[in-house]
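Participant: how would this look folded up:
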Amino acid sequence: MKIIAILTFIILLSGCSSKDPINTNLTLQLDSQPTGMYSNESSAALRGHDARQDFSVIVYQLEGKPDIRLPNQTAPHILVTEQLANGLREQGLIFKNNSPVRIQLDLNELLVSVTHPKLLYNAKAKSHLTLTIKNGEVTLTKTYDREANKDSVTRPSVHDLEEMLNSQLTDIVNHILQDKEVQSTIR
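Facilitator: Numbers count the residues shown, from 1 in each chain. Modelled structure (predicted):
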């Protein structure tokens with residue numbers, strides 16, 4: 001009798017667990033960077049800022065159900081800033097807090113919204129970052145926007161949605177690292 005009670009309890013508990021993860025795990029895969037892009041004296045201070053109102057990166061907005069909001073394990077602005085710093089470091093840039101060159105990376109939008117308006121699920125991913133570089137009297141500001149839409153018959157997995165954002169963020173950071181105007185402003 002005790003065994004039946006224990007098995008019933010385990011079955012009930014396993015039915016209560018959520019299928020949805022509690023957060024996401026974004027990862028960027030950057031291209032390897034050429035070395036020697038900056039002289040030995042080139043330095044900068046880099047700062048990232050999350051300007052979003054809501055820190056979720058995925059939201060399921062399904063009719064008749066409460067929204068499911070998932071943040072990322074690591075704050076996305078920290079992830080993107082670290083990856084940008086790693087790429088610039090590979091290119092030869094040195095980071096110093098007292099450097100006259102200031103690089104500011106603002107994460108203005110980063111979200112995949114999943115809806116189910118009719119027969120298909122729709123996943124809409126949007127990324128918007130602003131890069132500002134100040135070097136003496138010169139200021140360069142660039143914005144980077146990426147959008148993607150995917151329709152599917154079944155509810156998209158968190159992994160598939162992460163890949164949409166990973167692709168956008170990786171593309172943006174690689175673009176920044178290859179941008180000649182960014183490089184000349186830093187120098």
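Participant: pLDDT score assigned to the closest residue to Arg89 other than its chain neighbours?
Facilitator: Nearest-residue entry for Arg89: Phe95, 7.1 Å, with adjacent residues in sequence omitted and distances by Cβ to Cβ, 6 or more residues apart in numbering. Where you see a C-beta, it was placed from the backbone N, CA and C, and this is true even at glycine. Looking at Phe95, its pLDDT stands at 94.
Participant: Ok, Ile6 next?
Facilitator: 54.
Participant: cool, the one 10 residues further on as well?
Facilitator: Reported pLDDT at Cys16 in the predicted model: 46.
Participant: just to revisit the earlier point, who's the residue nearest to Arg89 bridged to?
Facilitator: Ala44 (DSSP bridges).
Participant: Identify each buried residue in the host helix or strand of Val59, please.
Facilitator: According to DSSP states H and E, Val59 maps onto strand 56-61. Buried residues in strand 56-61, counting neighbours by 16 or more other Cβ atoms under 10 Å, are found at 56-60.
Participant: which ones are touching the residue nearest to Arg89?
Facilitator: Going by Cβ atoms under 8 Å, 6 or more residues apart in numbering, Phe95 touches 43-46, 85, 88-89.
Participant: and which of these is nearest to Gly136?
Facilitator: Ala44 (12.3 Å; Cβ to Cβ).
Participant: Do I have it right that that closest one meets Arg89?
Facilitator: No - using Cβ atoms under 8 Å, Ala44 makes no contact with Arg89, being 10.3 Å away.
Participant: These two: which has the busier surroundings?
Facilitator: Comparing Ala44 with Arg89 by other Cβ atoms under 10 Å, the one with more neighbours is Ala44, at 21 against 15.
Participant: ok, back up a step: can you pick the most crowded of the contacts of Phe95?
Facilitator: Leu88 (24 neighbours).
Participant: wait, doesn't that residue sit right on Leu177?
Facilitator: Yes - contact criterion Cβ under 8 Å: Leu88 and Leu177 qualify, at 7.0 Å.
Participant: Mind listing the shared neighbours of the two?
Facilitator: With contacts defined as Cβ under 8 Å, 6+ apart, the residues shared by Leu88 and Leu177 are Gln33.
Participant: Which helix or strand contains Lys150?
Facilitator: Element membership of Lys150 [criterion: DSSP H and E] is strand 138-152.
Participant: Which residues does the following helix or strand past that strand contact?
Facilitator: Downstream of strand 138-152, the next assigned helix or strand under DSSP H and E is helix 158-178. Helix 158-178 is contacted from outside by 20-21, 24-31, 33, 57-58, 70, 76, 79-80, 83-84, 87-88, 91, 110, 112, 114, 123, 125, 127, 129, 131, 142, 144, 146, 148, 150, 182, using Cβ under 8 Å, 6+ apart.
Participant: what sits against the residue most central in space within the chain?
Facilitator: The residue lying closest to the centre of the chain (Cα atoms, centre = their mean) is Pro76, at 4.6 Å. Pro76 is in contact with 26, 50, 57, 107, 110, 169, counting by Cβ under 8 Å, 6+ apart.
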